[in-house]
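**Student:** Build me a model:
(one chain, ligands or ions: 1)
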Amino acid sequence: MLKDIYNSLLSKKQNEQWNSVMLENQAQLFFSLKSIKGLKFEEPIKIYCVTSLEKQSIQTSTLTISDHSNTIEWNEGYTFDVMSSNSVLVLSIWQSCIQNNCNHNHDQQMDITPNNIKGLNNNGKLIGKLSIPYSTFSRQYLDQWFQLSGGNNSTSVHLKLSFTNSNKKVTVNDFVFLRMIGKGAFGQVNLVKKIDTGRLYAMKIIKKDRCLDMNAVGHTFTERKLLKKYYHPFIVGLKYSFQTQDSLCMVLDYIGGGELFYHISERETFSEETARFYISQIMLAIGFLHEHGVIYRDLKLENLLMDLDGNICLVDLGLCKEDVQDGRPTYTMCGSPEYVAPEIITGTGYGRSVDWWALGTLFYEMIAGLPPFYSEDPHEMSQFILSAPLKFPPNISKNAASLITLLLNRDPAKRLGSGDSDVEEIKAHPFFRNLNWSKLLNKEIDPPFKPHLIGPLDLSYFDPVCTIHSQPANPNTINTNLSESDQMAFQGFSYSAPDIFIYNNTTGAGSANGMMLSNSPNPSRSTPPMSPVSPVSPRNYNNTGMSPINFSPVHSPLVNRNSSNNNGNGNGGWVHPQYPNLQQPIPQKLPLLSKLQESTFERRRSLSVNAQTQFTLALSPDDE
Ligand SMILES: Nc1ncnc2c1ncn2[C@@H]1O[C@H](COP(=O)(O)OP(=O)(O)OP(=O)(O)O)[C@@H](O)[C@H]1O
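**Tutor:** Have a look, this model is predicted:
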């Protein structure tokens with residue numbers, strides 16, 4: 001017990017170090033691996049090196065070593081973009097896997113962004129590792145031998161490091177557009193390559209006209225501001241932001257392992273142990289936001305991506321609510337229908353514990369296959385969330401059931417995590433006994449699953465509807481005719497040297513140009529904005545004739561509304577613990593592509609309505 005408390009405090013302390021200290025200027029680190037010496041081996045071996053910095057990782061080509069000469073030339077180099085003075089360059093040398101059935105490609109240099117310090121080779125053996133902090137590598141030029149630690153400690157590497165700083169502004173012209181990888185309510189996400197460094201990123205391109213029409217300028221600014229302000233291992237990092245005449249662009253870490261939504265669809269359910277791993281990483285990310293007065297409000301499988309090591313990465317901070325530290329309730333109705341807490345539906349005001357309700361829902365969904373209060377009819381689903389009894393699948397453990405029950409307490413004041421210590425309360429639950437939180441935060445615990453990719457441009461985990469059938473957007477294309485005053489609404493979004501910040505808790509929102517602009521649409525616009533919906537309380541449902549939350553049709557990974565059951569009993573032998581009459585599709589082992597197409601088709605079908613409703617509901621004049 002004491003060990004658990006100690007661990008939990010330690011990880012809280014370590015969490016604090018992730019408050020980002022962003023650099024004033026654009027910086028780059030050129031890294032060259034010149035040679036290696038001190039290797040011990042009895043027969044020829046193949047080795048490769050993985051170098052990581054700020055969620056970007058690069059794997060060198062493999063080197064075959066057959067003689068025992070003292071120093072072996074390597075001579076490989078590449079460049080990293082450096083954004084923060086907290087950065088650490090981590091280098092690890094691996095002996096390549098020797099199994100005959102290894103199908104990893106070790107013969108080409110690969111950008112295996114992000115955070116994949118173990119490389120693509122799950123079977124490799126660590127020869128040694130080295131960490132060089134910003135304070136060392138930012139000394140402009142280094143040319144020296146470094147001793148590796150771990151593995152065989154007689155090994156050293158000769159490195160040349162050269163650090164440069166420039167005032168150059170990054171613009172859309174600094175990138176090559178490779179593929180579209182995602183589609184959101186206001187635009188799309190593209191895989192891009194930065195021309196000078198060759199690094200891969202995900203560029204989120206948001207159409208300004210859509211943003212104005214849907215009254216969502218404020219949300220885009222909030223997302224950019226929070227991503228710039230904070231850096232956390234389980235939250236996507238923002239590298240650059242800028243605008244063109246037509247679009248707002250955010251250049252993010254590229255998270256290549258796909259959505260958790262896809263991974264759960266593949267496996268139908270997760271074991272409790274697997275779910276514990278994901279849930280606990282999500283807890284650290286959400287706890288971190290809460291600690292900084294931010295409610296996330298949109299926890300769902302689609303906003304949880306998997307990096308190439310199999311760790312979680314939270315994306316889409318557009319619905320975050322800031323400055324909630326004073327405990328004042330907020331009223332805006334937003335979120336995704338499966339995950340909204342009862343107090344959001346009733347409009348009675350809510351606080352940060354809505355995220356813990358969503359966590360309970362997510363956890364239940366991971367181990368049961370569907371959210372606990374699921375219905376295909378959103379109105380009915382709201383009713384279930386408000387009053388249906390909670391039932392569990394038969395094989396659930398006592399601790400898991402207890403955790404879910406405590407998180408899904410309909411009284412927000414009694415919900416686990418609602419106390420002053422927030423996430424610490426949840427960490428102390430027996431379900432997490434023996435979990436080393438500090439190792440988890442440092443990504444030192446092996447994830448239950450690692451995505452397998454064969455190269456940097458392997459997009460197997462992305463929706464083929466996007467990657468194959470759609471063209472990447474070009475933010476330079478001018479499709480809209482925004483007036484000068486419309487354009488004013490986006491002032492301050494672009495990257496510029498002084499705009500990058502030294503943000504910390506005290507400078508906060510007001511520093512530099514990162515101000516939150518009014519999201520009021522310009523009255524001169526030809527397209528009228530959607531009228532914001534005021535906080536809906538149970539009293540005015542009758543007046544509006546609307547359901548409490550007018551969400552669009554919902555999706556769930558295991559519900560295929562097109563599927564017809566073909567095994568005679570009508571439900572494939574599967575019974576939802578809550579709703580025995582609800583049908584679940586027959587589990588089918590489909591090839592990756594068609595399975596993805598199948599699940600994403602359903603999702604995309606409802607995406608535009610869903611997002612539109614969500615954002616309309618997210619906005620109200622007095623509470624954003
Ligand atoms: N950093 C990233 N790396 C890889 N893929 C990403 C990244 N960010 C987003 N994506 C993909 O693009 C999709 C849409 O991204 P995101 O949710 O941020 O956009 P949005 O416009 O805010 O969407 P929504 O309509 O759900 O609010 C994600 O579900 C994911 O599949």
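**Student:** Setting aside sequence neighbours, what's the nearest residue to whichever residue of the stretch 351-500 of the chain sits closest to the ligand?
**Tutor:** As assessed by Cβ to the nearest ligand atom, the ligand sits closest to residue 462 within the stretch 351-500 of the chain, at 6.6 Å. All C-beta spots, glycine's among them, are computed from the backbone N, C-alpha and C. Computed as Cβ to Cβ, 6 or more residues apart in numbering, the closest residue to residue 462 that is not its neighbour in sequence is residue 181, at 4.6 Å.
**Student:** Residues in a beta bridge with residue 37, which ones?
**Tutor:** Assessed by DSSP bridges, residue 37 has beta-bridge partners residue 71, residue 156.
**Student:** Any idea how many residues pack against it?
**Tutor:** Look at residue 37: counted by other Cβ atoms under 10 Å, it has 14 neighbours.
**Student:** OK, contacts around it?
**Tutor:** 70-72, 145, 155-156, 158 (Cβ atoms under 8 Å, 6 or more residues apart in numbering).
**Student:** now, among those, which is nearest to residue 266?
**Tutor:** residue 155 (39.0 Å; Cβ to Cβ).
**Student:** any idea of the pLDDT on residue 4?
**Tutor:** pLDDT for residue 4: 55.
**Student:** For the residue of the stretch 351-500 of the chain closest to the ligand, grab phi and psi.
**Tutor:** As for residue 462, its main-chain torsions (degrees, to the nearest 10) stand at phi -110, psi 160.
**Student:** so where's the protein shaky on pLDDT?
**Tutor:** 1-25, 68-69, 97-124, 151-153, 325-327, 455-456, 465-473, 477-480, 494-624 (pLDDT under 70).
**Student:** How about the residues of it by the ligand?
**Tutor:** Residues of the chain lying close to the ligand by Cβ under 6 Å from any ligand atom are 181-182, 184-186, 189, 202, 204, 236, 252-255, 259, 302-303, 305, 315-316, 318, 611.
**Student:** Type out the ChimeraX command that picks the buried ones from the residues you listed.
**Tutor:** Entered in ChimeraX, the line below selects the buried ones among these, by 16 or more other Cβ atoms under 10 Å:
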select :181,182,184,185,186,189,202,204,236,252,253,254,255,259,302,303,305,315,316,318,611
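**Student:** circling back to that earlier point, go through the helix or strand containing the residue nearest to residue 462 and flag the buried ones.
**Tutor:** If you go by DSSP states H and E, residue 181 is part of strand 175-183. Going by neighbour count (16+ other Cβ under 10 Å), the buried part of strand 175-183 is 175, 177-183.
**Student:** next SSE after whichever strand or helix holds residue 359?
**Tutor:** Here residue 359 sits within helix 353-368, counting by DSSP H and E. Later in the chain than helix 353-368, the nearest helix or strand by DSSP H and E is helix 378-387.
**Student:** For that following helix, which residues meet the burial criterion?
**Tutor:** With burial defined by 16+ other Cβ under 10 Å, the residues of helix 378-387 counted as buried are 378, 381-385.
**Student:** just stretch 426-445 next, same as before
**Tutor:** Within stretch 426-445, the residues that qualify as buried are 426-429, 431-432, 435-438, 440-441, 443, 445, counting by 16+ other Cβ under 10 Å.
**Student:** Which members of the residues you listed are positioned in helices?
**Tutor:** Those of these mapping onto helices are 426-427, 437-438, 440-441, per DSSP state H.
**Student:** Which members of those residues are the farthest-apart pair?
**Tutor:** 426 and 438 (16.3 Å).
**Student:** Residue 41 contacts residue 65, doesn't it?
**Tutor:** Yes. If you go by Cβ atoms under 8 Å, residue 41 and residue 65 touch, sitting 7.1 Å apart.
**Student:** Name the strands paired with the strand holding residue 181 and say parallel or antiparallel.
**Tutor:** strand 187-194 (antiparallel).
**Student:** Touching the partner strand from outside, list them.
**Tutor:** With Cβ under 8 Å, 6+ apart as the test, strand 187-194 has contacts from 81, 174-183, 199-207, 210, 247, 251, 254, 457, 459, 466, 470, 472-473.
**Student:** cutoff 6 Å now
**Tutor:** Identification of contacts with strand 187-194 by Cβ atoms under 6 Å, 6 or more residues apart in numbering yields 174-182, 200-207, 472-473.
**Student:** and the next element down the chain from it?
**Tutor:** Using DSSP H and E, the next helix or strand after strand 187-194 towards the C-terminus is strand 200-207.
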